[in-house]
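Novice: sequence plus predicted model, see below.
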Amino acid sequence: MDNKPLVSIIMNCYNSDTYLRDALDSIYGQTYCQWEVIFWDNGSTDLSSEIAKSYDSRIKYFLADTTTPLGEARNLAMKKAKGKYIAFLDCDDLYFEDKLELQVNMMEKDDFSMCYGGAIIIDESSYIINKEPARYQSGNVFPNLLSRYEINMQSVMLRRSILIETGLTFSTDMKYCPDHNLFMEVASRFKVGVINKYVVKYRIVKESLSKKTMHLVSSEIKLTLDAIINRKPDIRAVYNAEFNSAYAKLNYYDAINYISLGEISNARRIIRDVIFVRWEYFALFVILFFPISNNFLLRLLKR
C-alpha cells in the first residue's frame, strides 16, 4: 500500500455538521486507502470541528484565522496537500466506494492532468432527484465542455504537479463557479480522463450557496471564456461553433435568474435572442408565455 500514490482530499467546511459524518464515512469506506483529508474549517461555530477531530490522524484539521470566500479557502487548503493527486468532497456530499481507486488507476495508466466521473443528485433526505452521467470520452474534452459542461466538482481528481507548474488556482474573485473556471482552464490545456460511471452523490440543500449566487452565473462563466480566448486567441477560431454555443448559454442562465426573481418578461426578453441556437431555448421561450408558477418552472429546469 505504501507504494501507491497519496491522494489529498480537500474538504472545506463552514457550519456543515448536518451531513459531515456521512461524508467522512464515505471516504473511510473507500476501496483505495492511501489518502489524507485536508479539512479546512473556515470558522465554523457548530459541531463540525468536533466531528472532524473524532476521526483518526488521516484527517488533517486546519482552523482558518479568518473566514474567507470559498475560492480562497480552497486555495489555502490545497497548499497543505502533500498528495500526488488532489480530490474534493464538500461536507454535504458522498463518494461511491470505488471513486478514488477508479481515478488513481486512470491517472496512473494515462497521462491525464485531470479526470472526472458522473454524479447522482440527491436531496436533503438522500432521495435521488436527478442523474448526471459523464458522457464524453477521455482526451480533448474542452470543445465538448464548451457545448455542454458536465463536470461535477466532487467527482474531480487533479494531478497536483500541473497546478504547481501552471500556477492555476481557484479564482478568488468568483463566488458562484471558481471550480468551473479552474477546470475549464485545465481542460483547455491538457488531456482529461472521463470515467463513464457514477462516482459521487451530490446533495442539493435549500440554502445552498449556488442558489444564493444564481445571479452571478452568466457573468462569471463569461469571464472564464474571455480569459481563455485572451490567453490563446487562436482557440476561438478552432472551436468557433462551440464557443458560440457557450456564449449563447449565458442568456439561458440569465433567463433562469429572472425566473427565480419572478421577472418573466425579462426572462422572455433575454432568451429571445438565442431561441434558434438550441431547441431547449425555443421551448423555454414558448413555456414562458404560459401561466406556470416560478417554482414549477425552476423544478422543470432542474434548478
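Specialist: It's in.
Novice: helices of the stretch 51-200 of the chain, residue ranges please.
Specialist: 70-78, 99-109, 142-147, 160-166, 178-187 (DSSP state H, counting those that start in this stretch).
Novice: and the ones you listed as a markdown table, adding mean pLDDT and distance to residue 153?
Specialist: For the C-beta atoms, the positions are set from N, CA and C on the backbone; glycine is no exception. Formatted as a markdown table, the helices of the stretch 51-200 of the chain follow (pLDDT from 0 to 100; distance: least, Cβ to Cβ, whole Å):
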| stretch | mean pLDDT | distance to residue 153 |
| --- | --- | --- |
| helix 70-78 | 94 | 10 |
| helix 99-109 | 97 | 13 |
| helix 142-147 | 97 | 13 |
| helix 160-166 | 96 | 15 |
| helix 178-187 | 97 | 4 |
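Novice: mean neighbour count and distance to residue 44 for the ones you listed - can I get that in CSV?
Specialist: Output for the helices of the stretch 51-200 of the chain, formatted as CSV (neighbours: other Cβ atoms under 10 Å; distance: least, Cβ to Cβ, whole Å):
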stretch, mean neighbour count, distance to residue 44
helix 70-78, 21, 12
helix 99-109, 19, 25
helix 142-147, 20, 33
helix 160-166, 14, 26
helix 178-187, 22, 20
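Novice: contacting residues around stretch 168-185?
Specialist: By Cβ atoms under 8 Å, 6 or more residues apart in numbering, the surrounding residues in contact with stretch 168-185 are 69-72, 74-75, 78, 114, 116, 142, 145, 149, 151, 153, 156, 162-163, 186, 209-210, 213-214, 216-217, 220-221, 223-225, 227-228.
Novice: tell me which strands and helices the top strand by length along the chain is in contact with?
Specialist: Determined from DSSP state E, the single longest strand within the chain is strand 192-203. Using 3 or more Cβ pairs under 8 Å, 6 or more residues apart in numbering; DSSP states H and E as the contact test, the elements touching strand 192-203 are strand 94-95, helix 99-109, strand 114-122.
Novice: surely residue 86 is in contact with residue 157?
Specialist: Yes: between residue 86 and residue 157 a contact is recorded at 7.0 Å, counting by Cβ atoms under 8 Å.
Novice: compare the two (neighbour count), which wins?
Specialist: Between residue 86 and residue 157, residue 157 has the larger neighbour count (other Cβ atoms under 10 Å), namely 27 against 21.
Novice: mind checking which of the helices and strands packed on strand 192-203 is nearest residue 298?
Specialist: With Cβ to Cβ as the criterion, residue 298 lies closest to strand 114-122 of the helices and strands packed on strand 192-203, at 14.4 Å.
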